[in-house]
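Novice: what shape does this take:
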Amino acid sequence: MSTQPSRELETFPNPQPERDYTIRMRIPEFTCLCPKTGQPDFATIHLEYVPDRDCVELKSLKLYIWSFRDQGAFHEQVTHDMLSDLVAATKPRFMRVTGEFYVRGGIDTTVIAEHRAPGWTPPQPVVLP
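Specialist: Coordinates of the predicted model:
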């Protein structure tokens, strides 16, 4: 294969660093392994963030997500690891990672982890009539 899984996240300069705006990504093909049974776990990962100086580059994000495929981890740990790694790479004003893990044993799990930069206040939503 020409590409391999990687934990290295690449970034590029935010084209509008003076403006608060939201980037949303949906990653519907996430897989990892159950640390108890070794069976595959499947999830849709939602990434939402307000960038500061850097944005995450999509190919590196794809390879990063792929790197979890053979890793055994609990859903909570995977979600928090993603948040920590993405925050370290991009240093966003705000970031939320949501892992929607598919049913296993009759239970589906959703884990939401957030980061807010010190001193950052979200803009007030506009309510239109």
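Novice: so what's the gap between the longest helix anywhere in the chain and the chain middle?
Specialist: As far as residue count goes, and with DSSP state H defining each element, the longest helix of the chain is helix 75-90. When C-alpha coordinates are averaged (Cα atoms, centre = their mean, to the nearest Å), helix 75-90 and its chain have centres 7 Å apart.
Novice: mind listing what's buried along the helix or strand following that helix?
Specialist: Using DSSP states H and E, the next helix or strand after helix 75-90 towards the C-terminus is strand 94-104. Neighbour-count burial for strand 94-104, with 16 or more other Cβ atoms under 10 Å as criterion, is recorded at 94, 95, 96, 97, 98, 99, 100, 101. Yep, even glycine has a C-beta here, placed from its N, CA and C like the rest.
Novice: low-confidence ranges in the protein?
Specialist: For the chain, the stretches flagged by pLDDT under 70 are 1-2.
Novice: that one: helices as residue ranges?
Specialist: Taking DSSP H, the helices of the chain run over residues 58-66, 75-90.
Novice: and the last one, what does it pack onto?
Specialist: Same thing as helix 75-90. Secondary-structure packing of helix 75-90 (3 or more Cβ pairs under 8 Å, 6 or more residues apart in numbering; DSSP states H and E): strand 40-50, strand 54-56, strand 94-104, strand 107-116.
Novice: out of those, which gets nearest to residue 17?
Specialist: Taking Cβ to Cβ as the measure, these were each checked against residue 17, and strand 54-56 came out nearest at 9.0 Å.
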